[in-house]
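>>> Could you look at this predicted model? Sequence included:
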Amino acid sequence: MEAGGKALHAHGGAHAVPHEHRDDEGSKTGMWLFLFTEVLLFGGLFIIYAVYRHKFGHAFHEAAGELNKVMGVTNTFVLLTSSLTMVLSVGALQRRRAAESLRWLWVTFGLACCFLVIKFFEWSAKHHHGIWPGGEHLHAMPPGEGLFFNLYFMMTGLHGIHVLIGMAVMAWIATRIRSGKVSGDRYGALEYTGLYWHLVDLVWIFLLPLFYLTN
Amino acid sequence: MAESTTGPAWTGNYLQDYGSRRGLMAWLTTTDHKRIGLMYMVAMFSFFTVAVLLGLLIRLELMNPGMQFVTPRVYNSLFTLHGVIMIFLFIVPGIPAVMGNFMLPLQLGAADVSFPKLNLASWYVYMVGAVMALFSLFVGGGVPDTGWTFYAPYALRSGTNVSLAVLAAFVLGFSSIMTGMNFITTIHRLRAEGMTFFRMPLFCWGLYATSWIQVIATPVVGITLLLVVMERSLGIGFFDPARGGDPILYQHLFWIYSHPVVYVMILPAMGVVSEILPTFAGRTVFGYKAIALSSMAIAVVGYVVWAHHMFTTGISDTARWVFSLLTFLVAIPTGIKVFNWMATLYKGSIRIDVPLLYALGFVFLFSIGGLTGLVNGALATDIHVHDTAFIVGHFHYTMFGGAGIGFFAALHYWWPKVFGRMYNRKLALWAWGLIMVGFNTLYFPMLVLGIMGMPRRYADYLPQFHTPHLISTIGSWILVAGIALMFTTLIRAIRHGEKAPANPWGGTTLEWQTTSPPPQLNFATAPVVTTGPYDHTALRQAAAKEGR
């Protein structure tokens, strides 16, 4: 997101020249507003979680025992590390080291991939047992546990979609860095991708205890 | 209010093509906020016309007791469609997307919004959502019949095409978020030199409050609507009592968005009125800061009143009186605005003209809407009028009498600026008269009917309700005639109207300092602001100099 296309500059006073207008602070403001909407998007699901956890506390406790803690915690480390590598990528570009920045960006991309692969194994194990939205086993569960697993799939699913989108954006930014359109003078796009990536990370940090560690 | 020198003569305005693209392509690929505003306008008023005709059909069906020409099921689809189109396609994006897009950069003294490409993208997203909504009529199980609120559990069970309609609302929400983000950033970053927050025109303040609501509230309904789709396709059970879910939770989540969004509809209209009154009173607005801050206060308090839509659902007594109290609090900033508007007119040198009449119409109709709102906000009376025609009358007075008439006011106020042409004021006056008479004839009987006990959303009724229903239906014909005349007058002006000067009404805000229609980059010279927005001194001095 780049702020401004054309603008008049008042600072000269006497005459105004239409020219390409660049407003980094404006772009960043826009990005933060967007992240704000993301928090609220997940917020709706967190409210639903809170209500049903309150109503079916015991069932949630029981159901959480069936999730694979090892995989959940491993994934947390993977994602946290990817946030670090993302910061390193932004930092490198700010210091005008485009090649290094690209390297760290691809590492981040790889870690995101790794996260999704682990997630895939987790989900397919559940799927195997018929625990899947609309699946037989899940459908036959008592209401509390059913809601737990449906919430689990909705929330980790929405989070997973965000990881995928993040990866797509990273790949796109990588081509922009290579072509020099995103560079040490113009690193906003990478920086905002980083902000988005940290949010994805942050959401997961809440998902882990709420689903895996309640048992 | 500002010193700006007239620059070199501009050869073209934004309506003329520039660059390599011509004709339709030049419009579809434009990032000019003015053109995007007009594209929104064309799309929006097309949908508005459709929804008006649907409303007309509803009134025709209700003209006499018994079934006239539709089945009860088709009737359900009629009011659902009328509501969905009016709310999601017309009145929520309404003033911000059309008039906000056009006027915000002009009033701030900027050349465009902060994110021009995002602005164009928002229009396309809006169109995709609109096409999805229209598509849902013709495919699958037919037109949704749930009402525009998509209440669970019926929305989960209905065999009609609810999923697609709900997805359409989700997509339209995206468009609305994009516009909101764009406006907030624009207001923070692109105000003209010297224009502090408290020198901003009040319309901008209205848009600012509106944009925050759009950004904060829309995602919540977005996820809720997605969950309805999930519920229908996968049976996740969040809102399904058979599976441990809670349909009341759906209502909470729905109204957490949909109540604040009624302020998305009304705040920009209030902003429009706050522009028109000082212009036609020839004096500065009374209580500028109070009006500006009351917009923000309405936005904040409006966020925590949602459960007043749910007084009869069995929520706890504590919740009910708390929400009732909070609801009454909204009346305070609203009252502040109304009193300030009246004080602005007091001892002003008032010139009666069409925009002023629409603005006054707004104040009159919206006051009825607001006061009937207090009837619903009070617990005891709400039990009596809940789900009756009284509610329908009430929200039409606020939404149509408020936001809709405010929109019409904005059209008449800014039409000369937008197209550089004056409309026929005599015809516009007639249209205004028809609309005001038709409006009250149509909606006032609904208030009476509701108190008599006529339920809303019923295709048939007992004979004792006949007379008010008949009057109401006759009112709908007068109103539609008025709206048709208004649009004809305005559209005719684009081709046949006489040329409008830069400042036909004697307005003081920045948009009046540029030519009509504005040049592509809005101003020949970037304006510099030295006073508040409604300072008429400079205009008066100029008039004195000319010996007028």
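Yep, it's here.

>>> and residue A:130, how many neighbours?
Residue neighbour count, defined by other CB atoms under 10 Å in any protein chain shown, stands at 13 for residue A:130. Heads up, the C-betas are built off the backbone N, CA and C, glycines and all.

>>> what's the answer for residue A:53, then?
18.

>>> what helix or strand is it on?
helix A:24-55 (DSSP states H and E).

>>> could you pull out the strands for the chain?
Here I'm looking at chain A. A:6-7, A:19-20 (DSSP state E).

>>> actually chain B
B:2-3, B:528-529.

>>> mean pLDDT lowest for which of these?
The weakest mean pLDDT among those belongs to strand B:2-3, with a mean of 39.

>>> okay, now the closest residue in space to residue B:191 that isn't next to it in sequence: neighbour count?
Nearest residue to residue B:191, sequence neighbours excluded (CB to CB, 6 or more residues apart in numbering or on different chains): residue B:108, at 5.0 Å. For residue B:108, the neighbour count with other CB under 10 Å is 25.

>>> contacting residues for residue B:108?
Taking CB atoms under 8 Å, 6 or more residues apart in numbering or on different chains, we find residue B:108 in contact with B:186-187, B:190-192, B:195, B:200, B:204, B:510.

>>> what's the answer for residue A:159, then?
By CB under 8 Å, 6+ apart, the neighbours of residue A:159 are A:42, A:200, A:203-204, A:207.

>>> mind checking how far the residue of chain A found nearest chain B is from residue A:64?
Residue of chain A nearest chain B, by CB to the nearest CB: residue A:143 (2.3 Å). Computed as CB to CB, to the nearest Å, the residue A:143 to residue A:64 distance reads 16 Å.

>>> ranges for the helices of the stretch 101-250 of chain B?
B:101-108, B:116-138, B:154-157, B:162-189, B:202-234, B:247-281 (DSSP state H, counting those that start in this stretch).

>>> actually chain A, not the one I wrote
Along chain A, the segments classed as helices by DSSP state H run A:24-55, A:57-64, A:69-94, A:98-128, A:136-140, A:143-178, A:188-207.

>>> ok, back up a step: residue B:240 is in contact with the residue of chain A closest to chain B, correct?
No. Using CB atoms under 8 Å, residue A:143 is not in contact with residue B:240; the gap is 9.5 Å.

>>> Give the residues shared as contacts by the two.
Here residue A:143 and residue B:240 have no joint contacts, going by CB under 8 Å, 6+ apart.

>>> Grab the nearest non-local neighbour of the residue of chain B found nearest chain A.
Closest residue of chain B to chain A, CB to the nearest CB: residue B:244 (2.3 Å). Nearest residue to residue B:244, sequence neighbours excluded (CB to CB, 6+ apart): residue A:143, at 2.3 Å.

>>> show me the contacts for that neighbour.
A:56, A:59, B:237, B:243-245.

>>> Can you report how many residues neighbour the closest residue to residue A:67 other than its chain neighbours?
Excluding its sequence neighbours, the residue lying closest to residue A:67 (CB to CB, 6+ apart) is residue A:212, at 5.1 Å. By other CB under 10 Å, the residues close to residue A:212 number 20.

>>> what about residue A:212, distance to residue A:43?
20 Å.

>>> confidence score at residue A:13?
Here, the pLDDT recorded for residue A:13 equals 36.

>>> That should have said residue B:13, apologies.
Listed pLDDT for residue B:13 reads 87.

>>> go on, residue A:7?
So, for residue A:7, pLDDT stands at 47.

>>> what's the answer for residue A:58, then?
Listed pLDDT for residue A:58 reads 94.

>>> wait, it sits on residue A:145?
No. The pair residue A:58 / residue A:145 is not scored as a contact, 9.8 Å apart, by CB under 8 Å.

>>> Just want to know which of those two has more residues nearby.
Remark: of residue A:58 and residue A:145, residue A:145 carries more neighbours, 22 against 9, as counted by other CB under 10 Å.

>>> who's in contact with the more buried one?
Applying CB under 8 Å, 6+ apart to residue A:145 gives the contacts A:56, A:59-60, A:62-63.

>>> Can you add neighbour count and distance to residue A:23 and give those back as a markdown table?
A markdown table is the format used below for these (neighbours: other CB atoms under 10 Å in any protein chain shown; distance: CB to CB, whole Å):
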| residue | neighbour count | distance to residue A:23 |
| --- | --- | --- |
| A:56 | 20 | 49 |
| A:59 | 20 | 51 |
| A:60 | 22 | 47 |
| A:62 | 16 | 53 |
| A:63 | 24 | 49 |
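
>>> sorry, back to before: which of the contacts of residue A:143 lies at the shortest distance from residue A:25?
residue B:245 (44.3 Å; CB to CB).

>>> my read: that closest one touches residue B:228, true?
No. Contact between residue B:245 and residue B:228 fails when scored by CB under 8 Å: they sit 11.5 Å apart.

>>> hang on, the earlier thing: just the helices of the stretch 101-250 of chain B: most buried one?
helix B:101-108 (a mean of 27; mean count of other CB atoms under 10 Å in any protein chain shown).

>>> Show the average pLDDT along it.
97.

>>> Now that helix - C-alpha only, PDB.
Provided in PDB are the C-alpha atoms of helix B:101-108 (Å, rounded to 0.1, in the frame of the first residue of the first chain):
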ATOM      1  CA  ASN B 101     -15.100  10.600  -1.900                       C
ATOM      2  CA  PHE B 102     -15.800  13.700  -3.900                       C
ATOM      3  CA  MET B 103     -15.700  16.300  -1.200                       C
ATOM      4  CA  LEU B 104     -13.300  15.200   1.400                       C
ATOM      5  CA  PRO B 105     -10.100  16.000  -0.500                       C
ATOM      6  CA  LEU B 106     -11.600  19.200  -1.800                       C
ATOM      7  CA  GLN B 107     -12.600  20.300   1.700                       C
ATOM      8  CA  LEU B 108      -9.200  19.500   3.100                       C
END
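
>>> thinking again about what came up before, may I see the helices of the stretch 101-250 of chain B organised as TSV, with distance to residue A:181 added?
Formatted as TSV, the helices of the stretch 101-250 of chain B follow (distance: least, CB to CB, whole Å):
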stretch	distance to residue A:181
helix B:101-108	27
helix B:116-138	15
helix B:154-157	46
helix B:162-189	22
helix B:202-234	28
helix B:247-281	36
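
>>> between those helices, which gets nearest to residue B:516?
Ranking these by proximity to residue B:516 (CB to CB) places helix B:101-108 first, at 10.9 Å.

>>> ok and the closest one relative to helix B:202-234, angle-wise?
With axes from the mean of the first three to the mean of the last three CA atoms, to 10 degrees as the basis, helix B:101-108 and helix B:202-234 are set at 150 degrees to each other.

>>> Enumerate the residues of the stretch 151-300 of chain B near chain A.
B:177, B:180-182, B:184-185, B:188-190, B:192-193, B:215-220, B:222-224, B:227, B:230, B:233-238, B:243-246, B:249, B:253 (CB under 8 Å from any CB of the partner chain).

>>> Counting neighbours, what do you get for residue 78?
Picked chain A for this. Using other CB under 10 Å: residue A:78 sits among 20 other residues.

>>> Let me rephrase: I mean chain B.
Using other CB under 10 Å, residue B:78 is surrounded by 19 other residues.

>>> do the one 3 residues further on as well
The tally of other residues near residue B:81 (other CB under 10 Å) stands at 25.

>>> just checking, it touches residue B:137?
Yes. When contacts are counted by CB under 8 Å, residue B:81 is listed as touching residue B:137 (7.3 Å).
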